[in-house]
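Student: Give me a 3D structure for the following:
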Amino acid sequence: MDAASKFKSMQANARIIKHYRSKITKTISESIQSAFDASYSRYQRDPGAFLDNLGWIYQDLIRIESDVVPCFPPSYSMYAFYIKEYHKNLNATLQRLIESEPEASILLHLHAWLKEYKKSMKELNVPSELIDPPLLNGEEQSLIEDYLKLIVKKLDEWSANLMKTEIQEFTTRAMQPEVDSDGLYGTQGAVILFQMVNQQIDAAMESGQGAILARVVEEISRVMRGIQDQWTKVVEAEFKKQTEKPDEIVAGLAEYCLALANDQIKSADNTETLLGKLEPVVSEKYRVPINEKLNDAIDGNLDVAKKCMQTFVDIIFNDLRPATKQLFQADWYDGIVQQIVVTMKDYTSDQQFVKPLLFELLVEDLLDGFLVAYLTALANSPKLRLPAATERIKADISAVFAFFGEFKPDKELEKYFEVVEHILAMLEASKSMAFLSFWAFAKVHGPCIPFVEGLMKARGDFDRAAVSEVMEAIKRKVKEEGLTDRTHSISTTFTTPVLTIHFSARTDHHEENRRSRRSLAFPTDMNDGVSRLYLLYAY
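Tutor: Residues are numbered from 1 along each chain as shown. Below is the predicted model of the structure:
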């Protein structure tokens, strides 16, 4: 038998492997599954590394197309089979990853990776029908929603835990507030908060999507505003305890108010920095809402800081209540104001522990508070012993002026105390000259008839007839001139029961406040020698 015949005989008698195609495809499927299982197990504790090391998929597919597919009959369609198996196992593995409840940043990472997968498969000229249905059923956008839900959950949990600790320290006040590297009162709350904020912002920025970043900023702003609301309520509640149950209150509320105010300015500063970091990297579409949300958070910080400083002043005047009740009463003639000055000086000795801009605000509020208390007491005073009363007022104002002169220039203080000078003139004027003193007062502050009439009645040297004569002349002239009480849009005002006085020139322009707040400092715009404080007084 020749060789050719022998070969044909061997072919005819060759053993045929049954179900070869199904067996080989099953074996290949199991091998592909094992490869994905091994890869996932290798990086199970680091899902980010797992995603970053899936490049072997593309390398395998390239090698399969060039070296493996030619080994099979075309009828087996092995290229399509391999693509589908890789795609199917990849999808199953990604589902496992999601079911493991990874941290929020991994969801963003996976969302970005899915985009790269589509791009890479297209570059490999893989027909779209071979990778259908798409990974995760094409619902990769749900990853973003899951990410945002997780962010909301985590932010709420973290902020709740943070505030639980911070509020406990604030209310128990077991020790003095911490002093930071700048020598200022503060707590760790502001630092921890922005570590948390920056982690989430950095993760959102890595997504490269303005929509995601805007949503994360929105949630961060919500959390920050919630924290600010909590602080406002805590400060109010603690001050209420101090006034209603002074014997039960824990000492140190004043110092902790200063520490919290410092923290709020620090948070506002951090948020301002964050805003400057984000604005250049997003389009106008997302820049506007990001700007609005972060500015809203900054405004909230400033509101809380102002609340703290006002509460600090309220604490001072709560301590001074016994003394202020004696103003213009019998003991007042012996010099009760000196006690008030000493108390204010004691409280302001903490100047070095508070940010300079906050201390400036404190001085403003303290000065306002003193004038309110003093003129309210005068408006409700009994008969004044003249000239002893006017001499005592001059001595009082001299002592208070000297105290505040340590923190403010004389020209600025003169603007505050100008109203007292007018009142002194009305108290010292004779019956025939009283109208002229009133007219100088009215040209600045308006007629304030109830207050002026009460002042005339309080004069111990005027009998009822003299008061009637003076007031009739005043009322007649006011009516003839059509003079009305003043309302100033750009001023600080305070109101006694019968008197509204304008004694400073602060701006009330919100936008100008917002611009000057950029550096969290007090710009000075000299107006007749009076500093105009933009920050914190715009609301």
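Student: pull the CA atoms of stretch 229-241 into PDB?
Tutor: Output in PDB follows, covering the C-alpha atoms of stretch 229-241 (Å, rounded to 0.1, in the frame of the first residue of the first chain):
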ATOM      1  CA  ASP A 229     -28.100  76.200  62.800                       C
ATOM      2  CA  GLN A 230     -27.200  73.800  65.500                       C
ATOM      3  CA  TRP A 231     -24.500  76.200  66.900                       C
ATOM      4  CA  THR A 232     -26.900  79.100  66.900                       C
ATOM      5  CA  LYS A 233     -29.500  77.100  68.900                       C
ATOM      6  CA  VAL A 234     -26.800  75.800  71.300                       C
ATOM      7  CA  VAL A 235     -25.400  79.300  72.000                       C
ATOM      8  CA  GLU A 236     -29.000  80.700  72.500                       C
ATOM      9  CA  ALA A 237     -29.800  77.800  74.900                       C
ATOM     10  CA  GLU A 238     -26.600  78.200  76.900                       C
ATOM     11  CA  PHE A 239     -27.100  81.900  77.300                       C
ATOM     12  CA  LYS A 240     -30.700  81.300  78.400                       C
ATOM     13  CA  LYS A 241     -29.500  78.900  81.100                       C
END
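Student: And the average pLDDT for it is what?
Tutor: Here stretch 229-241 scores 95 as its mean pLDDT.
Student: One more: stretch 309-327?
Tutor: 94.
Student: Dump it to PDB, keeping only the CA atoms.
Tutor: Provided in PDB are the C-alpha atoms of stretch 309-327 (Å, rounded to 0.1, in the frame of the first residue of the first chain):
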ATOM      1  CA  MET A 309     -19.900  88.000  69.700                       C
ATOM      2  CA  GLN A 310     -23.300  89.500  70.400                       C
ATOM      3  CA  THR A 311     -23.900  86.800  73.000                       C
ATOM      4  CA  PHE A 312     -20.500  87.600  74.600                       C
ATOM      5  CA  VAL A 313     -21.700  91.200  74.900                       C
ATOM      6  CA  ASP A 314     -25.100  90.000  76.300                       C
ATOM      7  CA  ILE A 315     -23.200  88.000  78.900                       C
ATOM      8  CA  ILE A 316     -21.400  91.200  79.900                       C
ATOM      9  CA  PHE A 317     -24.600  93.200  80.300                       C
ATOM     10  CA  ASN A 318     -26.300  90.400  82.100                       C
ATOM     11  CA  ASP A 319     -23.500  90.600  84.700                       C
ATOM     12  CA  LEU A 320     -23.900  94.400  84.700                       C
ATOM     13  CA  ARG A 321     -27.700  94.300  85.200                       C
ATOM     14  CA  PRO A 322     -27.400  95.200  88.900                       C
ATOM     15  CA  ALA A 323     -25.300  98.200  88.000                       C
ATOM     16  CA  THR A 324     -27.300  99.400  85.000                       C
ATOM     17  CA  LYS A 325     -30.500  99.200  87.100                       C
ATOM     18  CA  GLN A 326     -29.000 101.900  89.300                       C
ATOM     19  CA  LEU A 327     -28.300 104.300  86.400                       C
END
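Student: residues of it that come out buried?
Tutor: 309-317, 319-320, 323-324, 326-327 (16 or more other C-beta atoms under 10 Å). Yep, even glycine has a C-beta here, placed from its N, CA and C like the rest.
Student: so of these, which ones are in helices?
Tutor: If you go by DSSP state H, the buried residues of stretch 309-327 have 309, 310, 311, 312, 313, 314, 315, 316, 317, 319, 323, 324 in helices.
Student: any idea which element residue 41 lies in?
Tutor: Assigned by DSSP states H and E, residue 41 belongs to helix 20-42.
Student: Could you check the pLDDT of residue 97?
Tutor: Looking at residue 97, its pLDDT stands at 93.
Student: which residues sit against the helix holding residue 41?
Tutor: In this structure, residues lying in contact with helix 20-42 by C-beta atoms under 8 Å, 6 or more residues apart in numbering are 17, 50, 53-54, 56, 60, 76, 81-82, 85-86, 89-90, 92-93, 96-97.
Student: What subset of the residues you listed is buried?
Tutor: Neighbour-count burial (16+ other C-beta under 10 Å) applied to those gives 50, 54, 81, 82, 85, 86, 89, 90, 93, 97.
Student: low-confidence ranges in the stretch 1-150 of the chain?
Tutor: Residue ranges of the stretch 1-150 of the chain with pLDDT under 70: 1-18.
Student: quick one: the strands in the protein?
Tutor: 178-179, 185-186, 492-496, 499-504 (DSSP state E).
Student: worst average pLDDT in those?
Tutor: strand 492-496 (a mean of 47).
Student: about what we covered before: which of the buried ones among the contacts of helix 20-42 fall in helices?
Tutor: Using DSSP H, the buried ones among the contacts of helix 20-42 in helices are 50, 81, 82, 85, 86, 89, 90, 93, 97.
Student: what distance separates the helix holding residue 41 from the middle of the whole chain?
Tutor: 54 Å (C-alpha atoms, centre = their mean, to the nearest Å).
Student: Next, the buried residues of that helix.
Tutor: For helix 20-42, the buried set under the neighbour-count rule, 16+ other C-beta under 10 Å, comprises 25, 28, 29, 32, 35, 36, 39, 40.
Student: What is the nearest of the residues you listed to residue 69?
Tutor: Closest approach to residue 69 among the buried residues of helix 20-42 (C-beta to C-beta): residue 28, at 11.7 Å.
Student: residue ranges with poor pLDDT in the stretch 351-500 of the chain?
Tutor: For the stretch 351-500 of the chain (pLDDT under 70), the answer is 486-500.
Student: okay, now residue 451: neighbour count?
Tutor: A count of nearby residues for residue 451, using other C-beta atoms under 10 Å, gives 23.
Student: give me the number of residues near residue 436?
Tutor: Based on other C-beta under 10 Å, the number of other residues close to residue 436 is 12.
Student: Then the one 5 residues further on?
Tutor: As a burial measure, the neighbour count of residue 441 was computed by other C-beta under 10 Å and equals 22.
Student: Distance to residue 342 added to the buried residues of helix 20-42, as JSON lines?
Tutor: Formatted as JSON lines, these follow (distance: C-beta to C-beta, whole Å):
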{"residue": "25", "distance to residue 342": "95"}
{"residue": "28", "distance to residue 342": "92"}
{"residue": "29", "distance to residue 342": "89"}
{"residue": "32", "distance to residue 342": "86"}
{"residue": "35", "distance to residue 342": "82"}
{"residue": "36", "distance to residue 342": "79"}
{"residue": "39", "distance to residue 342": "76"}
{"residue": "40", "distance to residue 342": "74"}
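Student: what sits against residue 282?
Tutor: Under the criterion of C-beta under 8 Å, 6+ apart, the neighbours of residue 282 are 210, 213, 214, 290.
Student: distance of it from residue 201?
Tutor: With distances taken as C-beta to C-beta, to the nearest Å, residue 282 is found 12 Å from residue 201.
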